[in-house]
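**Q** got a sequence here, can you build the structure:
(chains A, B, C and D)
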There are 2 protein chains.
Amino acid sequence: MSDTPDHAEVKPGGLRERKKARTRLAIRQHALRLFREQGYEETTVEQIAEAAEVSPSTFFRYFPTKEDVVMQDDFDPIAIAKFEAQPAGLHPVAALRVAMRETFAEAEPGELEQWHELIKLAVSVPELRGRLLDDFVRTGGLTAELFGKRLGRDPDDLAIRTVAGAVVGVGIAMMGVALDAPDADFVALMDAGLARLEALPL
Amino acid sequence: MSDTPDHAEVKPGGLRERKKARTRLAIRQHALRLFREQGYEETTVEQIAEAAEVSPSTFFRYFPTKEDVVMQDDFDPIAIAKFEAQPAGLHPVAALRVAMRETFAEAEPGELEQWHELIKLAVSVPELRGRLLDDFVRTGGLTAELFGKRLGRDPDDLAIRTVAGAVVGVGIAMMGVALDAPDADFVALMDAGLARLEALPL
DNA sequence: CTCTCTTTTAAGAGTTACTATCAAAAGGTT
DNA sequence: AACCTTTTGATAGTAACTCTTAAAAGAGAG
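**A** So this is what the prediction gives:
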């Protein structure tokens, strides 16, 4: 109950934390490798655990579900900051475009590449696809909030929610396009799609 | 191999077919009742099977997954026909609005009510939500095709896919709104949202 | 270094959705 | 009644989780 634990407090750079991070990374990388080699559904959690040299229970302590190994957005918070940094007069969708372009431009090459691979995996596996879209919906809510803040309006305003929904829809559609044409530049597609949405009144 | 089976052909009005329909209905209704009473996740397939007086294996013969008991659109084919019946000059989104309004206007009151209940269930259960959105994506592809046909253009045209995606996105957003405000008229919301999309160039 | 507290991990058993197989039951035809 | 086909149920098995519990390992205090 006290705010000064008796013993063994969590040190930011302690062995414990480092080991945890290493274990997490190991599980993730072995999982992704196995998914690549033999497919998502064909890979069992047990195999992943074995490859990463941990027990299945440990796997589930790090990732609540098998899906979570694939699903984790690291881009959201960065993109949000960039969005909010745009000049106030800009159309929200325009601001979003700039934020998105900047975010991906700054990402490291390997990171972007892995992100593409994950997207492809997520889109092609039904189980993951559902989850991916779930994330999209969350993003839609977030978008509505950001738009509302920028315009000084209620984020529940129907017009705002409609446009935010359209943004999400374009994201989903472009993901489909990217699936059909694997070499397509997803960021460019997204930018072009969003450009059209700037015609929407707000 | 011949087109005249030796024995036991499928007669449209035979006992077999009627019994199958009855079984299917029984499973579905008992499942939905149990979901209502004790929640989706809390209800096991075994319970449903027992309530419907069939074996678990039979349950899975009728519905490949537990999710499928909830998920089944009966409206799509009707709405498609209505969409294609609209005059050619109309903006695709406008045609879609008319088709949607007519489809729901013709639905029987009980049917619409049950549909609302299913939507609410689907939106609130993560597992079903994923599936619902998957359906939405399928609908997006369908929409792009219908738009393409109507405009005499390639359905893979980026503009068309973008607008179709926006339609889907609005659907998702309005579903969210309907969740927040349970008494809202989903059809009216959808119509209002789509109205805004008519501003998009095509 | 050792004792002790805390966190992390492993092991085990159990639940549930789903698959596969195969024999029994019921529908339908001759 | 004889016979084929479809439907059904029983059984066994897999894999993703969940829960509980005890061992192992990190970290501070003496």
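**Q** show me the shaky parts of chain A.
**A** Scanning chain A with the threshold set as pLDDT under 70 gives A:1-13.
**Q** what does it have sitting close to DNA strand D?
**A** A:7-9, A:11, A:14-17, A:19, A:43-46, A:56-57, A:60, A:64-67 (CB under 7 Å from any atom of the strand). C-beta here means a position set from N, CA and C on the backbone, and glycine is covered the same way.
**Q** ok, of those residues, which come out buried?
**A** A:43, A:45, A:66, A:67 (16 or more other CB atoms under 10 Å in any protein chain shown).
**Q** secondary structure added to these, as TSV?
**A** TSV is the format used below for those (DSSP: H, G, I helix; E, B strand; the rest coil):
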residue	secondary structure
A:43	coil
A:45	helix
A:66	helix
A:67	helix
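**Q** these: which two are farthest apart?
**A** Farthest pair in those (CB to CB) is A:43 and A:67. Separation: 12.4 Å.
**Q** which residues are in contact with each of the two?
**A** Residues touching both residue A:43 and residue A:67 (CB atoms under 8 Å, 6 or more residues apart in numbering or on different chains): none.
**Q** so where's the longest helix in chain A?
**A** Longest helix of chain A, by residue count under DSSP state H: helix A:126-151.
**Q** pretty sure residue A:99 is touching residue A:83, no?
**A** Yes: using CB atoms under 8 Å, residue A:99 makes contact with residue A:83 at a distance of 4.0 Å.
**Q** all helices of chain A, in order?
**A** A:15-38, A:45-51, A:56-62, A:66-70, A:76-84, A:92-106, A:109-124, A:126-151, A:158-180, A:186-197.
**Q** quick revisit: quick one, the longest helix of chain A and helix A:92-106 angle?
**A** Angle, helix A:126-151 to helix A:92-106, by axes from the mean of the first three to the mean of the last three CA atoms, to 10 degrees: 120 degrees.
**Q** excluding sequence neighbours, find me the nearest residue to the residue nearest the centre of chain A.
**A** Centroid-nearest residue in chain A, with CA atoms, centre = their mean: residue A:73, separated by 2.4 Å. Spatial nearest neighbour of residue A:73, excluding adjacent residues (CB to CB, 6 or more residues apart in numbering or on different chains): residue A:135 at 6.6 Å.
**Q** now do residue A:144
**A** Computed as CB to CB, 6+ apart, the closest residue to residue A:144 that is not its neighbour in sequence is residue A:164, at 3.9 Å.
**Q** same thing with residue A:182?
**A** Excluding its sequence neighbours, the residue lying closest to residue A:182 (CB to CB, 6+ apart) is residue A:120, at 7.1 Å.
**Q** can you pull the contacts of the one you found?
**A** Counting by CB under 8 Å, 6+ apart, residue A:120 has contacts A:178, A:179, A:182.
**Q** kindly recompute the last result at 10 Å.
**A** Going by CB atoms under 10 Å, 6 or more residues apart in numbering or on different chains, residue A:120 touches A:175, A:178, A:179, A:182, A:186.
**Q** farthest pair within those residues?
**A** Within the contacts of residue A:120, two members stand farthest from each other by CB to CB: A:175 and A:182, at 12.0 Å.
**Q** these two: who's more crowded?
**A** Under the criterion of other CB atoms under 10 Å in any protein chain shown, the comparison of residue A:175 against residue A:182 puts residue A:175 first, with 22 against 8.
**Q** gap between the residue nearest to the more buried one when sequence neighbours are not counted and DNA strand D?
**A** Closest residue to residue A:175 in three dimensions, ignoring its sequence neighbours and counting by CB to CB, 6+ apart: residue A:123, at 5.8 Å. Distance, residue A:123 to DNA strand D, by CB to the nearest atom of the strand, to the nearest Å: 18 Å.
**Q** hmm, residue A:123 is touching residue A:136, no?
**A** No: counting by CB atoms under 10 Å, residue A:123 stays clear of residue A:136, with 11.5 Å between them.
**Q** so residue A:104 makes contact with residue A:79?
**A** Yes: counting by CB under 10 Å, residue A:104 touches residue A:79, with 8.8 Å between them.
**Q** residue A:186 contacts residue A:117, correct?
**A** No: with contact defined as CB under 10 Å, residue A:186 and residue A:117 do not form a contacting pair (11.8 Å).
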